[in-house]
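Novice: Okay, structure incoming, though there's no sequence with it:
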């Protein structure tokens, strides 16, 4: 039987709010067994852009990334947030090591082709180097990924953190029984955005289509759900979407579970 | 007999000048055998501070680091510069992995005690975790360190990059025959700053005192020389100070060599 692995992604307000981040990291540090953390960038990159007088450009919740934006997200995601998280985890006796996809060639991507939209320096994941991730895990080191990848030609690329989490989870399935957990500020996928407790407990690929048709799934949730179903379809044993309470032993009663 | 290891520090204009950086990284990638890169921050952190309307505070060539400065240097050193270097090295088929001292608890430091000067969030190296550095080297991974360390209580600390290089070289001596190479914009330690070719070819601990007394060693060189002699006194087999030409097979005829 394969060893178990949890791939946990934290994002949204958890990154922006110091208290919430500390709680989430405490819960993450307490997770027993092998684990990987993937973090988003919260609003810090946009804030820094504002400070420097540059307005970030978005399309359907995704950042369009020019050279200047790439420098900002590399600073904020791979530098400030990643190292802050790693230092906090170390103080919680979790032997964390922060990585971008360029480090040890862990996540190779390619620049997204230009069709209707030119996303700029945005990368789509091509390959996760599961051997090097496993090398770290095997030696008691917990990888902490930011969502910056590279094309192996010297170019860093901005990548969606939900995608990175899903791709890492999928790649690790060859070695582990892998669970993917998406944590953000809500308790799960909601029937009604105005009611924080209206959590849809289970979504399968069938009723997903129905929910989409009825317009119940809001735009911001689409990438997470798409990538969640991707993971389920590629042998990830369990995908959970919820708030930070789901990180360790499902303290929360409410969360969304994706099934085939 | 111990295996050989080169610890190479690049700093100053090499970091700021894209062409010089590319050349230095090409030379570094071509170095045969086990190697570690340590990089300084150049002038980018100060530039970013300026952009955000904050003037960096210095004392004897060392940055005084408040919370805001720490965030800036973490972004610039551990984020922008480190990941840019790692991505470039990957494209040169050097399997680089970028690290701060917090990552895998690689470099533990303590906040510098306040005597006459309060340096703020500046760390003095306490311990280099040579086992984890060796784990990477053993698997063909080349560590690339920025000069941010941590105190294992969750606090990142700004650390002098020359010091990091020296301390890493000293720690690795228990496993390797270690050579330390400091690269910057000059050809070595100069008799006369106005004459770029007036390189002092060899400095030992004796004539060092004489050079200091005569005021020949300028302020900016003091930390590098102090740390260089530290390394020599702690079993580092060779310390070289020169420009990027010394990285690979001493292409340069002129450089400074420190001896006991």
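Specialist: That came through, no problem. Owing to the predicted nature of the structure, the values given are computational and were not obtained by experimental measurement.

Novice: So residue A:100 is in contact with residue A:145, correct?
Specialist: Yes - taking Cβ atoms under 8 Å as the contact criterion, residue A:100 and residue A:145 are neighbours in contact, 7.4 Å apart. (C-beta placed from N, C-alpha, C; glycine too.)

Novice: which neighbours do those two share?
Specialist: Shared between the contact lists of residue A:100 and residue A:145 (criterion: Cβ atoms under 8 Å, 6 or more residues apart in numbering or on different chains) are residues A:106, A:107.

Novice: Point me to the residue of chain A nearest chain B.
Specialist: When you check chain A against chain B by Cβ to the nearest Cβ, the closest residue turns out to be residue A:79, at 2.1 Å.

Novice: Could you find the closest non-adjacent residue to that residue?
Specialist: Once flanking residues are discounted, residue A:79 sits nearest to residue B:79: 2.1 Å by Cβ to Cβ, 6 or more residues apart in numbering or on different chains.

Novice: which residues touch residue A:23?
Specialist: residue A:244.

Novice: One more: the one 4 residues further on?
Specialist: If a contact means Cβ under 8 Å, 6+ apart, then residue A:27 has A:244, A:245, A:247, A:248, A:251 as its contacts.

Novice: What's the local residue count around the third one?
Specialist: Number of residues near residue A:247 (other Cβ atoms under 10 Å in any protein chain shown) recorded here: 28.

Novice: Now do the contacts for it.
Specialist: Residue A:247 sits next to A:8, A:10, A:24, A:27, A:28, A:31, A:181, A:183 when contact means Cβ under 8 Å, 6+ apart.

Novice: same thing with the fourth one?
Specialist: Going by Cβ under 8 Å, 6+ apart, residue A:248 touches A:27, A:28, A:30, A:31.

Novice: so it sits in a strand?
Specialist: No - counting by DSSP: H, G, I helix; E, B strand; the rest coil, residue A:248 is not found in a strand; it is coil.

Novice: For it, which non-adjacent residue is spatially closest?
Specialist: When the adjacent residues along the chain are set aside, residue A:248 lies closest to residue A:27, with 4.2 Å between them (Cβ to Cβ, 6+ apart).

Novice: that's a helix at residue A:206, yeah?
Specialist: Yes - in this structure, residue A:206 lies within a helix as judged by three-state DSSP.

Novice: Look at the residue of chain A most remote from its centre and tell me its secondary structure.
Specialist: Among the C-alpha atoms of chain A, the one most distant from their mean position (Cα atoms, centre = their mean) is that of residue A:53, at 27.9 Å. At residue A:53 the chain is in coil, as set by three-state DSSP.

Novice: Show the contacting residues for it.
Specialist: If you count contacts by Cβ under 8 Å, 6+ apart, residue A:53 has none.

Novice: if I look at it, how far off is residue A:68?
Specialist: In this structure, residue A:53 and residue A:68 are separated by 11 Å, where distance is defined by Cβ to Cβ, to the nearest Å.

Novice: Check which residues of stretch A:86-98 are buried.
Specialist: Applying a neighbour-count criterion of 16 or more other Cβ atoms under 10 Å in any protein chain shown, the buried positions in stretch A:86-98 are A:86, A:87, A:88, A:89, A:90, A:91, A:94, A:95, A:96, A:97, A:98.

Novice: Keep only those of those that are in strands.
Specialist: Using DSSP state E to define strands, the subset of these located there is A:96, A:97, A:98.

Novice: For beta bridges, what are the partners of the last one?
Specialist: In this case it means residue A:98. When bridges are called by DSSP bridges, residue A:98 pairs up with residue A:144.

Novice: that older thread, tell me the pLDDT at the residue farthest from the centre of chain A?
Specialist: Predicted confidence (pLDDT) at residue A:53: the value is 80.

Novice: go on, residue A:213?
Specialist: At residue A:213, the model reports a pLDDT of 88.

Novice: Counting neighbours, what do you get for it?
Specialist: For residue A:213, using other Cβ under 10 Å, the count is 9.

Novice: What of residue A:134?
Specialist: In terms of burial, residue A:134 registers 18 neighbours under the definition other Cβ under 10 Å.

Novice: show me the contacts for it.
Specialist: A:172, A:175.

Novice: Try it again at 7 Å.
Specialist: The contact partners of residue A:134, by Cβ atoms under 7 Å, 6 or more residues apart in numbering or on different chains, come to residue A:175.
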